Structures are given as structure tokens and as C-alpha cells.
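Chemist: Structure here, sequence nowhere to be found:
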């Protein structure tokens, strides 16, 4: 009996020691937050940008011969469903060429993941059979990795059953990308945006903080979710990030960000995205490309407000008709919101015939939808459209800008989910904008109906009528829209808009019972004509058509359109800003009617916050440094990028 008690006691002691050891080695997000807070209290120390000369002299084509070995994948030997490849340091990688630190987290320990040339293939591109790429002197043993990408079974288009395909990638600054099943990479997410697209770059240059440390938590053999931790560091902020990534037909990324600020930030951007829009169905200039109707990663911004109002802003590029310069100015929209339910950059057009591109596959690029959870409150969904004539450059930026100012010493926490997906009928829950077409100049209005002929004299009728119509003078005709405004201001041109709404039951409305058009515009003095709505019997969508004559040249015309029945919205609210060569520095504001705020004088109609953007424009030359920085990040052609 005493022996049994002794053995039981020894077992309990051993179990206690084991549990204490496991608890001591258990790594949590709280520890990452503590490290970020401690680092934020110290002066910023950037990671060195010291790419070896052996790699600095390589061309992008030569860089393509350096890639991770399949046998060297993290967790491959364990046969886990998630496996990780690493990016090598390359000249064609985003600037600066830094080497983040990587760690593996298990239930028992945290260990560093060291770089080794043995983890990579080095080949001369274009040789058959492949010839080894030899460096003299050899690459440094402590070179470090540039980034990583995660694989999961059956994610790629046409993948073989059981194959492991890349679906999440992190490379350069705080950029990351993700795709859902049967998609290709498109728009990029970022950890944070600091002073993005500020009017004066000399006073507020944009910062690009880096993910400097990554912890990859080892999953188990049945895991469907991967957990990552990271530290983001920059001159103004140090942050701790937790990523919970669940791949599938829609890939969701749950993010918890704790930000500790070293100094004041003029414009903070939470959950920022970068995308590309060169031209689409609403474009006039295709940059001499006659083979493709559309080239873009995203084609619009969708917002769901706190009261379930849906707003859609199609992406566009502007031009200056006076000089012929394309993409002359940067365009910015700020949609005021209080605790929005969601927003995102969408790729709605999935018709391959509209792209005709077998390499870039724009029709299967992901949409990205942000669902806020905590820390948002009052702020703005900011959309920036930068001028561009290069499909390799991300020229669209979207982020949440909190209304509360950011001061040195502040600590902010944000939680949100990003869904990367193809289509979702619930976004929006009403009919959506299928396409936006623009015709310049607008076709002439239809001729008014003829006046009825004058009645012939009738002696009998004249005897019975005390006041007959005077022969030769016609009766008043039926009312009709005027043919045109009293005058068309010099330099303006009439514009016709065609908007198609489809989906979520609107196709079931009979053609002889058209919904009501809610069409509004600003500024006052804009002339509207030829407004009508009709059902398209070919695809059952509803088409709204109208024409405008702008108030005067180089002034914005803000437009809103939706379809309603008995005051109830049947569609999302379509927003568009028409401009014809605005002067640099021109402004046109349509303030939001938010609780607790006073609308600015000059507001020509009242609307929900999510449908009232404040519009600003600035000359593109004031963004050249920022554009150059982004182009350096995206200068590798998308088709040539590794997953």
C-alpha cells in the first residue's frame, strides 16, 4: 500500500513539473503586446538594408531562379495541412531589403528559424538542363529571409487533389495578400497606413512600417486555422498583431492589432488595402490597349453603414481634357461613418469576356470585405485613386481613418475580420450595381411629342359651346421635359449615365410596374434631363438612364442614384463624381449629415453618412514620392510574382 502511494505521489509531482514547464513555455499574444509596448518606449531602430552585392546585381529574370525547395518547407516532415515556404532576399523584392526574424511556436517551446542557403534552389534561368547559379564569394550564412507564404490543400485553380497551394503571402513592409479557393492574387492588405496620401509630403511624408518579427504557431494534423503573431515597427508606431487565418471558398483573416504610438500621427489608416484600377467599363482611355476591355484588380468600394444602408462607389481614373494628360490628379473620397457594419474593395465583374486575359486572370481576383469588431467608432472610410498608366502599380488605396486624433503615447486596439472571396449575394442584401456606362457627349434628347392638330370648325359644336377654340391656334400639348437648359456654359459637355441594377429579387418586378428613381445631384445649377428607368428583358436587370449638363467647366458634379418602392430601397446607392479637367487644388465638399455635426453651407441635399463623400483633388506631382515608393513595392509584374 505504501509503495502504491509513493508511486502515485511521484506521478503527481512529475505531472505538476510537466504542466509548469508547458505553462512556462506557452507563448501567447499577450507576450507580443508586451514586447511591442516595450519597444515603443525606445527610439525607433530600423532593420538594416544591406542586400549583398552578389544579389544586388541580379536582374528580375535571374531572381526568378532562386526559390524555396519543396523538401525544405516548414512542417512538411510532420505532414501537417499548413506548410510554409520562405522568400529569399532578392533585388526585385520590395524596398527596403530587410530580413525579419522568424520563430516557430509549439506547445513546448519557441525557437528561431534560421536562414540557410540549403533551403533554396539556385538556378540559371533559361538553361536546359538547369545549371546551378554559383555566387563568389558565397552568400552570408546569416542573410535571413525576406518573407514567407503559406500553403494549404486544394486552393489553386485546377489543383490536383491533395496538392498544397499558396494562399497567404507576406513580403515587404507590412504588406500581405490572401486568396480564396480557385483565385489568383490581387489586392494587398497592410498592417497600418501612416500619413497616406497627405496633401503636403514635405511636412507629412508617408511612412511604411515593417513587420520585423514573425511567430508561426505550429498547427496540429487536423487544424483548419493557422495562427500567426507579428511585431510591426516604424518611426511613429510599434504594434502587436495576431492573425487567425482560415482558408476555404472564402478565406477569413481575423486580426487583432495593438498599436503603441511614439509620436503624433496626422492620418492613421486602419486595415488599409492597395489595389490596381487601370480602366474599366466606365473608362474613356484604354492607354492604346485595343485587346482588353477592362484591366483592374478591384472595380468599386462597397460600404454597409450601421443602419444597413448600402453604398457603392465605382472606381475610375480621371483626365484633364484641356491638356490631354491622363490621370492628371489624385482623387480622394471620405465617407463619414459611425461603427459601420462593413466595407471593402470588390472585384464584381467576373465575366472573362470583359478581360480577355489568360495570364493575369483578372476575373478571378479576390474581393476583400472588412467587418469591424472593436475600436472603430466614429471615422471615415477613405478611398484614394492615384493616377497611373501601369497595371503593375497599385494606384488605389482604401482604409479606415479614425476621427479621434492620434497623439504620442496613445495605445489603440482594433479587431476586425477580412474576408477574401469571389461572390457573396448578401453583400449587398439588396440589388447591386451591375455596371456603369458613360456616354460623352450625351445623345440628343428625344423630340417632344407633336402638338395635336387644331380642331376643324363645327357649326353644330359652335352653337352648343359658348366659347369655342379659336381656329388656327392649337390646344396646349401634353407636358414634357424641356429640350435643353436655357444655355450651356462654355466648355461644358452633356454626359449620359447608364446604370444597371440586378440581383436579390429585383428581376421579379414586372416591367409594367417600374420602381421609383431616387436621383440626386450637386451643385445647384447642374441640369438634369432624360431620366428614365426600364427593365432589360434580356438579363432581367433594371436600367436607369439620365443625362446631365455640369454647372460649369472644371467643377465636380456629385451624383447619387437608387431605386425604391414605397420609400423602401430596392438597390444600393450608386455614387459617382463626374469631373471634367478640374483645376489642381479644386475642392467640392458634400458633407455628411452625422449626428452631432452641422452640415456645411452648400450642402444641396441631405443623405446618409455612407452616401455623402467629401471629395478632394490635388495635382499628381505632389504625390510623386509616394507613388514612387509604392511602385518600388509593386514593380515586379504580377504575373511573374511567386505565390
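Modeler: Cool, the structure landed. Keep in mind that this is a model prediction, so the values were computed, not measured.
Chemist: CA only for contacts and neighbour counts going forward, please
Modeler: Will do.
Chemist: would you list every one of the strands in the stretch 201-350 of the chain?
Modeler: Applying DSSP state E, counting those that start in this stretch to the stretch 201-350 of the chain gives strands spanning 210-217, 226-233, 237-246, 251-261, 268-275, 277-279, 295-296, 300-304, 310-314, 329-338, 342-346.
Chemist: typed the wrong thing, it's the stretch 351-500 of the chain
Modeler: In the stretch 351-500 of the chain, the strands defined using DSSP E, counting those that start in this stretch lie at 367-374, 378-385, 396-402, 411-421, 432-439, 495-502.
Chemist: partners of the second one, with directions?
Modeler: Each strand that pairs with strand 378-385, with its direction, by DSSP bridges: strand 329-338 (antiparallel), strand 396-402 (antiparallel).
Chemist: Equivalent analysis for the fourth one, please.
Modeler: Looking at strand 411-421 with DSSP bridges, its paired strands and their directions are strand 251-261 (antiparallel), strand 367-374 (antiparallel).
Chemist: Return the distance of the nearest residue to residue 344 once chain neighbours are set aside relative to residue 271.
Modeler: Take residue 344 and drop its neighbours on the chain: the residue closest to it by Cα to Cα, 6 or more residues apart in numbering is residue 369, 4.3 Å away. Per Cα to Cα, to the nearest Å, residue 369 is found 10 Å from residue 271.
Chemist: Then residue 297?
Modeler: 18 Å.
Chemist: who has more neighbours, those two?
Modeler: It is residue 297, of residue 297 and residue 271, that has more neighbours when counted by other Cα atoms under 10 Å, with 30 against 23.
Chemist: For that one, give me the backbone phi and psi.
Modeler: Per-residue torsions, residue 297: phi -90, psi -30 (degrees, to the nearest 10).
Chemist: my guess is it contacts residue 188, does it?
Modeler: No: counting by Cα atoms under 8 Å, residue 297 does not reach residue 188; the two are 9.9 Å apart.
Chemist: Find the residues that touch each one of those two.
Modeler: When contacts are counted by Cα atoms under 8 Å, 6 or more residues apart in numbering, residue 297 and residue 188 are jointly contacted by residue 275.
Chemist: circling back to that earlier point, any chance of the strands of the stretch 201-350 of the chain in a markdown table, plus distance to residue 35?
Modeler: Listed next are the strands of the stretch 201-350 of the chain as a markdown table, based on distance: least, Cα to Cα, whole Å:
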| stretch | distance to residue 35 |
| --- | --- |
| strand 210-217 | 11 |
| strand 226-233 | 8 |
| strand 237-246 | 8 |
| strand 251-261 | 11 |
| strand 268-275 | 21 |
| strand 277-279 | 39 |
| strand 295-296 | 40 |
| strand 300-304 | 35 |
| strand 310-314 | 40 |
| strand 329-338 | 32 |
| strand 342-346 | 31 |
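Chemist: and of the strands paired with strand 411-421, who's closest to residue 343?
Modeler: Residue 343 sits nearest to strand 367-374 of all those, at 5.4 Å, using Cα to Cα.
Chemist: now that closest one against strand 268-275, angle please.
Modeler: Angle, strand 367-374 to strand 268-275, by axes from the mean of the first three to the mean of the last three Cα atoms, to 10 degrees: 170 degrees.
Chemist: buried ones in strand 367-374?
Modeler: Neighbour-count burial for strand 367-374, counted by 16 or more other Cα atoms under 10 Å, picks out 367, 368, 369, 370, 371, 372, 373.
Chemist: from those, which single one is nearest residue 500?
Modeler: Nearest to residue 500, judged by Cα to Cα, of the buried residues of strand 367-374 is residue 367 at 20.3 Å.
Chemist: Not counting residues beside it along the chain, what's closest to that closest one?
Modeler: Residue 367 sits nearest to residue 346 (Cα to Cα, 6+ apart), 4.3 Å away.
Chemist: what pLDDT does that neighbour get?
Modeler: At residue 346, the model reports a pLDDT of 98.
Chemist: And for the one 5 residues further on?
Modeler: Predicted confidence (pLDDT) for residue 351: 96.
Chemist: now the one 5 residues further on
Modeler: pLDDT for residue 356: 95.
Chemist: Now for it: which residues touch it?
Modeler: By Cα under 8 Å, 6+ apart, the residues touching residue 356 are 291, 292, 293.
Chemist: Check the gap between it and residue 83 for me.
Modeler: In terms of Cα to Cα, residue 356 sits 34 Å off from residue 83.
Chemist: just the strands in the stretch 501-643 of the chain please.
Modeler: 516-522, 527-535, 542-549, 557-565, 568-569, 573-578, 587-589, 613-619.
Chemist: looking at those strands, which has the lowest confidence?
Modeler: Lowest mean pLDDT within the strands of the stretch 501-643 of the chain: strand 587-589, at a mean of 36.
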